[in-house]
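Novice: Predicted structure and sequence below. I'll ask about it afterward.
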Amino acid sequence: MYDKANIEEVTKNLKTAVQTNIELLKLEVVERTSVIGSSLLIALLVGFFVFLFILFGSITAGFLLSNCFDDAAIGFGLVSGFYLLITLLILIFRKRCIEIPMRNKIIRSIFKK
């Protein structure tokens, strides 16, 4: 009914197909990992420079407001109050505006073809 040679050939072809699929999966994982890694590195670099911009901008704003109010405490206090307000807004809206969009973006980048 079944020839032993045909069964061996089918088995060999099946093993080859499975090995090819495993190699393809490995390559896809490496590709996605490299894309995500490079995106993360770029985001960290941009974040670092944005941090420096905000840091020096805040110091400048503090000195500017200090000159306007003739009091360093008021000038830098207003800048820190501004950051307190931003922190509170982030805490209030973190799920809707930060966590959910970031989670969706990460999931899209992982499953992107």
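Specialist: In hand now; what should we look at?
Novice: Can you name every helix or strand that the longest helix seen in the chain contacts?
Specialist: Scanning the chain for the longest helix, with DSSP state H as the assignment, gives helix 4-69. Other helices and strands packing on helix 4-69, by 3 or more CB pairs under 8 Å, 6 or more residues apart in numbering; DSSP states H and E, are helix 72-94, helix 100-111. C-beta here means a position set from N, CA and C on the backbone, and glycine is covered the same way.
Novice: mean pLDDT for those: which is lowest?
Specialist: Out of the helices and strands packed on helix 4-69, helix 100-111 stands lowest, with a mean of 84 (criterion: mean pLDDT).
Novice: got the buried residues for that one?
Specialist: Taking 16 or more other CB atoms under 10 Å as the neighbour-count basis, helix 100-111 is seen to contain no buried residue.
Novice: Tabulate the CA atom coordinates of that helix in PDB.
Specialist: Taking C-alpha atoms only, helix 100-111 is exported to PDB below (Å, rounded to 0.1, in the frame of the first residue of the first chain):
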ATOM      1  CA  ILE A 100      -2.700  52.900  26.800                       C
ATOM      2  CA  PRO A 101      -1.200  54.700  23.700                       C
ATOM      3  CA  MET A 102       2.300  53.500  24.600                       C
ATOM      4  CA  ARG A 103       1.100  49.900  25.200                       C
ATOM      5  CA  ASN A 104      -0.700  50.000  21.800                       C
ATOM      6  CA  LYS A 105       2.400  51.400  20.000                       C
ATOM      7  CA  ILE A 106       4.600  48.700  21.500                       C
ATOM      8  CA  ILE A 107       2.200  45.900  20.600                       C
ATOM      9  CA  ARG A 108       1.900  47.300  17.000                       C
ATOM     10  CA  SER A 109       5.600  47.400  16.600                       C
ATOM     11  CA  ILE A 110       6.000  43.800  17.800                       C
ATOM     12  CA  PHE A 111       3.300  42.400  15.500                       C
END
